[in-house]
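Colleague: here is a sequence together with a model predicted from it:
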Amino acid sequence: MSILDFLIGKPLASDQARAEQIGASAGIPIFGLDALSSAAYGPEAAMTLLIPLGAAGIAYILPISLSIIILLTIVYFSYRQTIHAYPGGGGSYTVARQNLGPTAGLLAAAALMIDYVLVVAVGISAGVGALVSAVPSLQPHTLVICLVILVLITLVNLRGVREAGLVFMAPTYLFLGSLLTAILIGVVKAVAAGGHPIPLVTLPALPLVNAAASRWVILQAFASGCTAMTGVEAVSNGVKAFREPVIATARRTLTIIIALLIVLLAGVAYLVGAYGIAATDPGQPGYQSLLSMLLSAIVGRGVFYYVSMGAILVVLALSANTAFADFPRLCRAIAQNNYLPHSFATRGRRLVYSQGIWVLAILAGFLLVIFGGVTDRLIPLFAVGAFLAFTLSQAGMVGHWRRVGGPGATRNMLVNGLGAVATGITVIVVLAAKFLEGAWITVLLIPTLLLLMRAVRWHYHRVFCEIRSGSPLELNNLEPPLVVLPFHNWNHIVKKSLRFALKISSDVRAVHIDTGEGSEIIHQEWTRFVEEPARQAGVAVPQLVVLESRYRTILAPIVDYVLELERTCPHQQIAVLIPELVERHLYHHLLHNKRASVLKALLLLKGNQRIIVINVPWYLQS
């Protein structure tokens, strides 16, 4: 078994794709981890902004969470319609592109791509934040732990969709079970104590009041709390990953994910207020995550606490899997429209879009390094892309129902229109509240991505226009080409190349560059090994051309010679054969063939359509 087979698994055949499709039970950990795990950092992100308000800030978390839940419900009904209308997947990008035009589609795509990169970075950093809360001694190693987890998640996703679902299923359901159980226990205790239960563990002291409550502070907290809605679009992007009946399975998965998320958000918001828990400053000594303090208050720091915190850590870290499931599929849809390199649309050895996975891992790793793996530093960049994609998707669905019509179209238009207005207002709020804290980076990145995608599209359009042909095969001027064979000394590769040259033409020029060391040996070998056998066999004798290079350059004299032949033989095609040594190891291949690759590039760039370059490989067995 090779190392690649061990890490990623053996290649899967194309006809095994159906076996890789998933049901709702596997769809929840694959497409729902991001949304579900955001219950662990969304409320905390909002409460972190309320720290200056002291104890008074705790009272605002419940109305903020209820506002987010209402917005979440509107978006849920919209995406149920998207799944039914666009079962081929693609989510916001496909909906916006087909109903609002290519520019809107690219805007949604750019927003989603940035959002997915942040999903990975924020999810992993939040998971490590939970670990640091339980084991404070690990705080200096935050970034290293983040990068190790990123590598592991990347490898798991390269193994395929089905295996990723199986790996993530146990920690996902452990997370849900432990957190829902803790919420249930906490609610029972709160009701029994008249709404003011006594925590089992002493909580950190409430922060001192440093500011007064204002609409601006509340809006900022709401904007941060909206990160709890990221990942909601994941199911609509990956509809084709579900087994038959595809639409029903995808809708059922989305319904379960949203229902669980609403329960988690409402439960955490209520219990935080009941127990009087305030957020602690992230990245500072003594930091504890909101869920760590909540679990300590409800069940104490026993086995249940550490099992729950372990599940939260794993699920927060693995929540990046949602992005790994969706980002490659989004890139595939964009690549199919020629806005990204076509390689993004090619399935890898395990029937996943491997190039998208690698790009996502590299970009997320870059973000983690820049921001040191601290969640609070990444949050300001987060919600803009997600809500911009929500808005464009729902606006696109309004256009879809107007165009398609039919029973219920008016009702559906109203639902999507309400969602577009609500999420559009949220985009403005988030952008205004978080602009100076880092959202400006997203504002710059989105148009940059738009320009890059349009540049790729322009390239493919230019290539298409250049290579398309509507005329029949031309059968005139089929004379053999003039063959040029550059070589250094006589060996098996040159012999093989020369045999091939004589098969396609009787006019062969073998070019040797004399860098000042003399060419007597080359002439002797040529006479002995080429000219004499050719005369005896009655074959046209290849011509030896020795070019002197006063400054010991190799490539320039060859290029100049070929271009001169092209000028003096205006009606003849020139074929340049480049002997190539193909090694078993890639890095050896690059070392030996660097010069050959440069020569090929120079000839093709400087010549015209009458020059063709052919590689003649010699496969080295050792």
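Modeller: Structure's in. What do you need?

Colleague: which ones are touching the residue positioned nearest the centre of the chain?
Modeller: Closest to where the C-alpha atoms of the chain average out (CA atoms, centre = their mean) is residue 360, at 3.1 Å. Shown in contact with residue 360 (CB atoms under 8 Å, 6 or more residues apart in numbering): 116-117, 120, 323-324, 327-328. Glycine gets a C-beta too; all of them are placed from N, C-alpha and C.

Colleague: quick check: which element contains residue 513?
Modeller: According to DSSP states H and E, residue 513 maps onto strand 508-514.

Colleague: list the pairing partners of that strand within its sheet, with orientation.
Modeller: strand 482-486 (parallel), strand 543-548 (parallel) (DSSP bridges).

Colleague: only alpha carbons, please: show stretch 357-369 as CSV.
Modeller: In CSV, the C-alpha atoms belonging to stretch 357-369 read as follows (Å, rounded to 0.1, in the frame of the first residue of the first chain):
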residue,chain,number,x,y,z
ILE,A,357,-10.2,21.2,-1.2
TRP,A,358,-6.5,22.0,-1.5
VAL,A,359,-7.2,25.6,-2.3
LEU,A,360,-9.6,26.0,0.6
ALA,A,361,-7.1,24.4,3.0
ILE,A,362,-4.2,26.7,1.9
LEU,A,363,-6.3,29.9,2.1
ALA,A,364,-7.8,29.0,5.5
GLY,A,365,-4.3,28.1,6.8
PHE,A,366,-3.1,31.5,5.6
LEU,A,367,-5.8,33.3,7.5
LEU,A,368,-5.2,31.3,10.7
VAL,A,369,-1.5,32.3,10.6
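
Colleague: got CSV for the strands paired with strand 508-514, with mean pLDDT, distance to residue 304 and mean neighbour count too?
Modeller: Formatted as CSV, the strands paired with strand 508-514 follow (pLDDT from 0 to 100; distance: least, CB to CB, whole Å; neighbours: other CB atoms under 10 Å):
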stretch, mean pLDDT, distance to residue 304, mean neighbour count
strand 482-486, 93, 74, 24
strand 543-548, 92, 82, 15
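
Colleague: to residue 598, which of those lies closest?
Modeller: strand 482-486 (12.1 Å; CB to CB).

Colleague: name the next helix or strand following that closest one along the chain.
Modeller: helix 492-504.

Colleague: flag every buried residue along that next one.
Modeller: 493-494, 497-498, 500-502 (16 or more other CB atoms under 10 Å).

Colleague: give me the distance from the helix or strand where residue 424 lies to the chain's centre.
Modeller: For residue 424, the host element (DSSP H and E) is helix 409-434. Relative to its chain's centre, helix 409-434 lies at 26 Å (CA atoms, centre = their mean, to the nearest Å).

Colleague: next SSE after it?
Modeller: helix 440-467.

Colleague: the next helix or strand after the strand holding residue 513: how far from the chain's middle?
Modeller: For strand 508-514, the following helix or strand on the C-terminal side (DSSP H and E) is helix 520-526. Distance of helix 520-526 from its chain centroid, counting by CA atoms, centre = their mean, is 56 Å.

Colleague: in helix 520-526, what's buried?
Modeller: Buried residues in helix 520-526 (16+ other CB under 10 Å): 522, 526.

Colleague: what of stretch 400-419?
Modeller: 400-401, 412-413, 415-417, 419.

Colleague: again, but for stretch 416-431
Modeller: 416-417, 419-420, 422-424, 426-427, 429-431.

Colleague: same question, stretch 190-204
Modeller: 190, 197, 199-200, 203.

Colleague: what's the span of it, first residue to last?
Modeller: 20 Å (CA to CA, to the nearest Å).

Colleague: go ahead and measure how far that stretch is from the middle of the chain.
Modeller: On CA atoms, centre = their mean, the centre of stretch 190-204 falls 44 Å from that of its chain.

Colleague: distance of the residue lying closest to residue 48 once chain neighbours are set aside from residue 270?
Modeller: Closest residue to residue 48 apart from its sequence neighbours, by CB to CB, 6 or more residues apart in numbering: residue 279 at 4.7 Å. Distance from residue 279 to residue 270, counting by CB to CB, to the nearest Å: 16 Å.

Colleague: so these two - more neighbours on which side?
Modeller: residue 279 (26 against 19; other CB atoms under 10 Å).

Colleague: report the secondary structure state of the more buried one.
Modeller: coil (DSSP: H, G, I helix; E, B strand; the rest coil).

Colleague: pretty sure it contacts residue 53?
Modeller: No: counting by CB atoms under 8 Å, residue 279 does not reach residue 53; the two are 10.7 Å apart.

Colleague: buried residues of the strand holding residue 513, list them for me.
Modeller: So, applying 16+ other CB under 10 Å, buried residues of strand 508-514: 508-513.

Colleague: what lies in contact with it?
Modeller: Under CB under 8 Å, 6+ apart, the answer for strand 508-514 is 482-488, 494, 498, 501-502, 519, 522, 526, 530, 540, 542-549, 554, 557-558, 561, 565.

Colleague: ok, now with 6 Å
Modeller: 483-487, 501, 522, 542-549, 554, 557-558 (CB atoms under 6 Å, 6 or more residues apart in numbering).

Colleague: same question for stretch 447-467.
Modeller: Outside stretch 447-467, the residues touching it (CB under 6 Å, 6+ apart) are 106, 110, 338-340.

Colleague: which among those residues end up buried?
Modeller: Among the contacts of stretch 447-467, those classed as buried by 16+ other CB under 10 Å are 106, 110, 338-340.

Colleague: for those residues, work out which two are farthest apart.
Modeller: Pairwise distances across these peak at 15.7 Å for 110 and 338 (criterion: CB to CB).

Colleague: from the buried residues of stretch 190-204, which has minimum pLDDT?
Modeller: pLDDT is lowest at residue 203 among the buried residues of stretch 190-204; the value there is 76.

Colleague: tell me how many other residues crowd residue 50.
Modeller: 26.

Colleague: just checking, it touches residue 220?
Modeller: No: contact criterion CB atoms under 6 Å: residue 50 and residue 220 do not qualify, at 9.0 Å.

Colleague: what's the helix or strand for the residue of the chain most remote from its centre?
Modeller: Distance from the C-alpha centroid of the chain, by CA atoms, centre = their mean, peaks at residue 536 (62.6 Å). For residue 536, the element it lies in under DSSP H and E is helix 532-537.

Colleague: and residue 579, by the same measure?
Modeller: strand 574-582.

Colleague: by how many degrees do that strand and strand 508-514 diverge?
Modeller: Angle, strand 574-582 to strand 508-514, by axes from the mean of the first three to the mean of the last three CA atoms, to 10 degrees: 60 degrees.

Colleague: on that earlier part again, now the helix holding residue 424 and helix 440-467, what's the angle there?
Modeller: Going by the same axes, to 10 degrees, helix 409-434 makes 120 degrees with helix 440-467.

Colleague: what is helix 409-434 packed up against?
Modeller: helix 61-85, helix 215-225, helix 383-404 (3 or more CB pairs under 6 Å, 6 or more residues apart in numbering; DSSP states H and E).

Colleague: weakest of these by average pLDDT?
Modeller: Among these, helix 215-225 scores lowest, at a mean of 77.

Colleague: what's in contact with it?
Modeller: 42, 45-46, 49-50, 64, 68, 379, 429-430, 433-434.

Colleague: tell me the mean pLDDT over whichever helix or strand comes after it?
Modeller: Next along the chain after helix 215-225, taking DSSP H and E as the criterion, comes helix 234-237. Throughout helix 234-237, pLDDT has a mean value of 78.

Colleague: now helix 234-237 - C-alpha only, CSV.
Modeller: In CSV, the C-alpha atoms belonging to helix 234-237 read as follows (Å, rounded to 0.1, in the frame of the first residue of the first chain):
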residue,chain,number,x,y,z
ALA,A,234,-24.8,24.6,2.6
VAL,A,235,-27.6,22.0,1.9
SER,A,236,-28.8,24.0,-1.2
ASN,A,237,-25.3,24.1,-2.6
